[in-house]
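Enquirer: coords please:
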Amino acid sequence: MEIMVRATKDRLDPERVFPKHDSSQIATVKINTYNQHIEEVRKWYRNEHMNYDIIKVEKSKWWVWNEAVELAKKSVCTIQTYLERVADGKAASVYDLCITPSEFNARLGDFSHYCPVRLADGELVNCGVSPSLLYAVEFRGFYYKCAGEKERDMFLAEAEKYVPPLAPRRLPPADLLPKRITAEEAKSLFPMPLEIKGYCPVTFLDGKLRYEAIIPGNMEIGCVLYRNKLYAFESEDKLLKFLR
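Expert: Residues are numbered from 1 along each chain as shown. So this is what the prediction gives:
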């Protein structure tokens, strides 16, 4: 509707000097084409380059222009900061650099999608559950994912201490990593039984193995497959604690 209103006003402007090639019929065709393909285009940019921004058009065209210019400036500053840090041999954020998922995975560092900062503290935090590169970084030509803003800033400040050869811990072999699975996936593993008769191991351990800490796990929130054994948990927090 906004496009049609603006096109009509522009076409009827007595001071207009440009050719009148945008009749109501042409505007209708353009709008229909936009509506037909925009979701596919939007999805592609969000999934591949994660750089799709929305600018509200209810205000003046000059306001829209200024917003677009600011987005472009921000993008240029992001690229410049990245290039300067890499040239200086420092770690750099790669957020908003239009890196595709396939490109990112092709240059993963030693820790796959696990956070190197949390791993240094003895925790396994898999950042691959989200495609976002908000806390992703590059160092010495390799990509790493951090668990949050704090971990990202720590990595950017002292990247050398979190990667080999100085990294205090290495990622366990793939067959020793816990894997979260859905309730449907867990049921498909039948007749594999739930360990400790389906009770939550985290609640039991945190409760110092007391009788009142024997709480059934809830398979509907998902399970964890670890060393070919299946575990269920009382809550999402307990499941995530087990994964860590």
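
Enquirer: from Leu124, how far out is Gly141?
Expert: Look at Gly141 and Leu124: by C-beta to C-beta, to the nearest Å, they are 24 Å apart. For glycine as for every other residue, the C-beta is placed from the backbone atoms N, C-alpha and C.

Enquirer: which of these two has more neighbours?
Expert: Leu124 (17 against 8; other C-beta atoms under 10 Å).

Enquirer: thinking the more buried one is in contact with Leu240, fair?
Expert: No - applying C-beta atoms under 8 Å, one finds Leu124 not in contact with Leu240, separated by 10.5 Å.

Enquirer: centroid residue for this structure?
Expert: Centroid-nearest residue in the chain: Ser132, 1.6 Å away (criterion: C-alpha atoms, centre = their mean).

Enquirer: check contacts around it.
Expert: Each residue near Ser132 by C-beta atoms under 8 Å, 6 or more residues apart in numbering is listed here: Met50.

Enquirer: could I get the average pLDDT for the helix ranked longest in the chain?
Expert: Longest helix in the chain by number of residues, with DSSP state H as the criterion: helix 61-87. Throughout helix 61-87, pLDDT has a mean value of 94.

Enquirer: thinking again about what came up before, doesn't the residue nearest to the centre of the chain belong to a helix?
Expert: No - assessed with DSSP: H, G, I helix; E, B strand; the rest coil, Ser132 is coil; it does not lie in a helix.

Enquirer: what's the end-to-end length of stretch 158-167?
Expert: For stretch 158-167, the first-to-last residue distance is 11 Å (C-alpha to C-alpha, to the nearest Å).

Enquirer: same check, this time on stretch 107-124
Expert: End-to-end distance of stretch 107-124: 20 Å, with C-alpha to C-alpha as the criterion.

Enquirer: same question for stretch 86-95.
Expert: Taking C-alpha to C-alpha, stretch 86-95 runs 14 Å from one end to the other.

Enquirer: next, the buried residues of the longest helix of the chain.
Expert: Neighbour counts over helix 61-87 (16 or more other C-beta atoms under 10 Å) mark Thr78, Tyr82, Arg85, Val86 as buried.

Enquirer: same thing with stretch 206-222?
Expert: Going by neighbour count (16+ other C-beta under 10 Å), the buried part of stretch 206-222 is Ala213, Ile215, Gly217, Asn218, Met219, Ile221, Gly222.

Enquirer: any chance of these in CSV, plus secondary structure and pLDDT?
Expert: CSV is the format used below for these (DSSP: H, G, I helix; E, B strand; the rest coil; pLDDT from 0 to 100):
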residue, secondary structure, pLDDT
Ala213, helix, 95
Ile215, coil, 97
Gly217, coil, 97
Asn218, coil, 96
Met219, helix, 95
Ile221, helix, 95
Gly222, coil, 95
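
Enquirer: from these, which is closest to Pro165?
Expert: Among the buried residues of stretch 206-222, Gly222 lies closest to Pro165 (C-beta to C-beta), at 36.2 Å.

Enquirer: you'd agree that closest one is up against Glu184?
Expert: No - contact criterion C-beta under 8 Å: Gly222 and Glu184 do not qualify, at 9.5 Å.

Enquirer: for the chain, which segments count as helices?
Expert: Per DSSP H, the chain carries helices over the ranges 2-12, 24-48, 61-87, 101-106, 116-120, 149-157, 183-187, 201-206, 236-243.

Enquirer: most tightly packed of those helices?
Expert: Among those, ranked by average contacts under mean count of other C-beta atoms under 10 Å, first place goes to helix 116-120 (a mean of 22).

Enquirer: which other helices and strands contact that one?
Expert: Identification of packing neighbours for helix 116-120 by 3 or more C-beta pairs under 8 Å, 6 or more residues apart in numbering; DSSP states H and E yields helix 149-157.

Enquirer: distance from the chain centre to the helix it packs on, please.
Expert: Helix 149-157 has its C-alpha centroid displaced from the chain centroid by 16 Å (C-alpha atoms, centre = their mean, to the nearest Å).
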